[in-house]
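Engineer: return atomic coordinates for the entry below.
(2 chains)
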Amino acid sequence: MTGATAAVIGVLDDVAVERAKTGDLDALERVYRSYEGLVYTMARRICRSEEDAEDVLQETFLEVCRSIRGLRGTGPGSLTAWVKRIAASKALMRVRREKYRDADEFVEDGGASATKPPDLGLQLDLETALLRLPETSRAVVWLHDVEGYTHEDIAEMMGKTVSFSKSQLARAHTRLRGWLGGES
Amino acid sequence: MRKHCTMAELLAVRDGQGNAWAQAHADECPYCRHELDLIYRRVSALRALQAYRPPRDRWDVIREQARRERRGRTIRRWGWNSLAAAAGIALLIGIRSIPGTAAGEQQTAELQDLMAQSRTLEAALHSYDPNSRVLNGRAAGIIADLEDRIAVVDAGIAQVDRERAPNTELVNLWRNRVDLMDALVNVHVTRANYVGF
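Structural biologist: Have a look, this model is predicted:
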C-alpha cells in the first residue's frame, strides 16, 4: 500500500463511503477530495499531457458518481481499488485513442521518442527517462511496478495478451536501464 | 550455452515466476544479481517519484454534470411516460374540442408536427450520447439551464393535459419544447465538433 493510499483510508470511513453510495453529493465530494491526487498522479504518469490527465480525472469521478451505488463493500480499501481501476481504464482508453490519432506513433517496438537514442554520456534522471518511454510501455511499467496490477489485470484492461504486457514491461526496463546507467 | 538472464527472465524472477534455470542463475551469477538489484532499486525510485496535484479544481464541473445526468434520468423516466400519455390525450382533446373546423384540423396537424419534431430532436440528442462526454463548466451550465427549462415546459404540458386546457396553449407549449430541444441539440453538436469526435 502506498503512502497516498494509506492517507486516503485514514480520511474516509465506512459511513462516508455508505453515504457516497446513496448519491449524496457532499459525500461524493469527500471521495473526490480524498482520491483526486491519487487519480491525477496515475493519469499524469500514463497519459501524454497534463490536459489528458485532467480529463481522465474528470471522467473517472463522473464514472464514480454514476456507478458508486453498484460498488460492493463499504470499506475504503475496496473503494480505493475500485476508483484506481476506473482511473486506469480511463487513462488506457485515452492512450488508445491517442494512438489511433497518431497511427504511426507506436509500432510494436515503441514510439518516436523510443527511436531516439539518448545522448552518449548523458544519464537521464528517472522522471525524464519515464517520459521518454512510449506511452504503452510507460503505462505497463507504472501499472505493474508501482500500482501493483498483475499482467493478467493489465492485459484485460488493455485488451491485449499477458505476453504483450510482459514484453512491454521488459522493454521498458531495458530502456530505463540503458538510459539510467548504473543508477548508483 | 546462455550466459546471462534476459530482462524478461529477471523480471519473472523478481515476480516469483522465473523458470528454474533463471532462478538458479540469478542466485549464483554476480552480474545478474546486480541487474536484479538494479530492477529493485529502479522500482523503489519509481514508487518514490513525487505525487502530482491537479492544477485546477474539477469538482464543480463534475458535480454539475452529475446533477445534469441525474436530472436527465429523472426527466426521461418521468417525462417519457407522462409525456407520451399527455401527447395521446392532447391529440384526442384537440380533435374533440374543435370538431370539424378548419382551424381545429390545422391545430391538430401542427401539434402532431411539433411532437414529431420533438421526437426527432430527442433521438438526435440520444445519438450524441451526451452523458459520456466531458464538458467544460460553461457548456455544462448552458445545458443544465436548457434542461431545466425543458422540464418546466414538460410539467406545463402535463398540467394542460390534466386541466383539459385549450388546444392553442398546448401547441404553444410544444412549440416552446421544440425550440428548447433544438437549442440543446445545437449545444451538444457544437461541443462534439469542437472536441473533434
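Engineer: where in the chain is pLDDT low?
Structural biologist: In the absence of a named chain, this looks at chain A. A:1-11, A:74-76, A:99-123, A:182-184 (pLDDT under 70).
Engineer: to clarify, I was referring to chain B.
Structural biologist: Those would be B:1-2, B:72-101, B:128-138, B:161-166, B:191-197, if you go by pLDDT under 70 across chain B.
Engineer: give me the domain ranges for it.
Structural biologist: Domains of chain B are assigned by automatic domain parsing as B:7-48, B:72-195.
Engineer: the first one close to chain A?
Structural biologist: It refers to domain B:7-48. Yes - remark: domain B:7-48 sits within contact range of chain A at B:7-8, B:11-12, B:35, B:38-39, B:41-43, B:45-47, by C-beta under 8 Å from any C-beta of the partner chain. C-betas here are computed from N, CA, C, even on glycine.
Engineer: next up, the contacts around the residue nearest to the spatial centre of chain A.
Structural biologist: Closest residue to the average C-alpha location of chain A: residue A:42 at 3.9 Å, with C-alpha atoms, centre = their mean. Taking C-beta atoms under 8 Å, 6 or more residues apart in numbering or on different chains as the criterion, residue A:42 is in contact with A:84, A:87, A:88, A:91, A:142, A:147.
Engineer: just among those residues, which is most surrounded?
Structural biologist: Within the contacts of residue A:42, neighbour counts (other C-beta atoms under 10 Å in any protein chain shown) peak at residue A:91, which reaches 29 neighbours.
Engineer: contacting residues for that one?
Structural biologist: A:42, A:43, A:46, A:47, A:53, A:56, A:139.
Engineer: filter those residues down to the buried ones.
Structural biologist: The neighbour count (16 or more other C-beta atoms under 10 Å in any protein chain shown) marks A:42, A:43, A:46, A:47, A:53, A:56, A:139 as buried among the contacts of residue A:91.
Engineer: for chain B, which segments count as helices?
Structural biologist: Using DSSP state H, the helices of chain B run over B:7-14, B:20-28, B:30-47, B:59-97, B:102-127, B:137-163, B:167-195.
Engineer: quick check: which of those helices is nearest to residue B:53?
Structural biologist: helix B:59-97 (13.4 Å; C-beta to C-beta).
Engineer: helices along chain A, start to end?
Structural biologist: A:3-11, A:14-21, A:25-46, A:50-67, A:76-101, A:112-115, A:126-132, A:135-141, A:151-158, A:162-180.
Engineer: picking up where we left off before, what's the closest of the buried ones among the contacts of residue A:91 to chain B?
Structural biologist: Of all the buried ones among the contacts of residue A:91, chain B sits closest to residue A:53, with 7.7 Å by C-beta to the nearest C-beta.
Engineer: surely that closest one and residue A:44 touch.
Structural biologist: Yes - between residue A:53 and residue A:44 there is a contact under C-beta atoms under 8 Å: 4.4 Å.
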